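# have a look; sequence and predicted model below, questions after that.
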Amino acid sequence: MTASSNAFGTLPEQGRYTHCTPTTGFWRSGTIHAPNPIMTAPTALLPFIPGGADFQNARALFRELGFAETWDAGDYVGMQWGGAKFILQNFNNEHFAQNLMIKLEVADLDAWWALVEPKCLSEKFPGFRIKPPANVPWGREISFIDLAGVCWHVG
């Protein structure tokens with residue numbers, strides 16, 4: 001029996017197995033079941049982004065950046081702009097936020113900069129930092145640090 005690896009660790013190929021574990025969801029009565037081939041591939045990935053110490057101000061910042069609030073569940077707010085979606089959460093953990101980076105893809109980086117730069121968001125939202133377009137090893141991008149400390153790469 002050969003093994004394969006995925007996010008759950010190393011799994012034997014489909015077939016009988018001498019013991020089972022419930023951690024993967026693929027184990028049933030000693031038989032390993034492959035994922036259903038009819039299942040569709042993921043259609044989106046929506047990260048939970050911490051809002052930092054002032055959740056309402058973080059919401060306002062992302063609205064100023066161009067995101068719309070698509071739903072509001074109190075401590076969680078759905079944010080969307082075009083195909084980009086995330087869940088802004090009322091969560092403040094500086095260590096976590098400062099170690100989180102998000103990549104936001106836009107069709108025209110210069111047009112995005114022309115939209116955002118005149119808003120002077122660093123003045124409206126103390127703690128917000130943004131850098132103009134620059135060349136980096138993986139392309140050209142704008143980077144900003146949101147109010148929680150998350151580093152966003154816009155390219």
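Yes, it's here. Residues are numbered from 1 along each chain as shown.
# just name the shakiest helix or strand of this protein by mean pLDDT.
strand 27-28 (a mean of 44; mean pLDDT, DSSP states H and E).
# can you tell me which residue is spatially central in the protein?
By C-alpha atoms, centre = their mean, the mean C-alpha position of the chain lies nearest to residue 47, the distance being 3.2 Å.
# can you list the weak-confidence ranges in the protein?
Scanning the chain for pLDDT under 70 picks out 1-39.
# which residues in it form helices?
In the chain, the helices defined using DSSP state H lie at 55-65, 94-97, 109-116, 121-124.
# neighbours of the residue nearest to residue 60 when sequence neighbours are not counted, how many?
The shortest distance from residue 60 to any non-neighbouring residue, by C-beta to C-beta, 6 or more residues apart in numbering, is to residue 125 (7.5 Å). In short, each C-beta sits where N, CA and C put it, glycine included. By other C-beta atoms under 10 Å, the residues close to residue 125 number 19.
# now residue 71
Neighbours around residue 71, by other C-beta under 10 Å: 10.
# that one touches residue 77, doesn't it?
Yes. Proximity of residue 71 to residue 77 meets the contact threshold set by C-beta atoms under 8 Å, at 7.1 Å.
# so residue 153 makes contact with residue 101?
Yes. Using C-beta under 8 Å, residue 153 is in contact with residue 101, at 6.4 Å.
# so those two - more neighbours on which side?
residue 153 (16 against 10).
# beta partners of the closest residue to the residue nearest to the centre of the chain other than its chain neighbours?
Nearest residue to residue 47, sequence neighbours excluded (C-beta to C-beta, 6+ apart): residue 86, at 5.2 Å. Taking DSSP bridges as the rule, residue 86 bridges to residue 79.
# now do the contacts for residue 86.
Taking C-beta atoms under 8 Å, 6 or more residues apart in numbering, we find residue 86 in contact with 46, 47, 48, 49, 79, 102.
# quick revisit: and the residue nearest to the centre of the chain, what does it touch?
With contact set as C-beta under 8 Å, 6+ apart, residue 47 has these partners: 86, 87, 102.
# quick check: phi and psi on it?
Backbone torsions for residue 47, taken as degrees, to the nearest 10, come to phi -70, psi 150.
# where's it relative to residue 79, distance?
The gap separating residue 47 from residue 79 is 11 Å, by C-beta to C-beta, to the nearest Å.
# for the residue nearest to residue 60, what are its contacts?
57, 60, 61, 64, 147.
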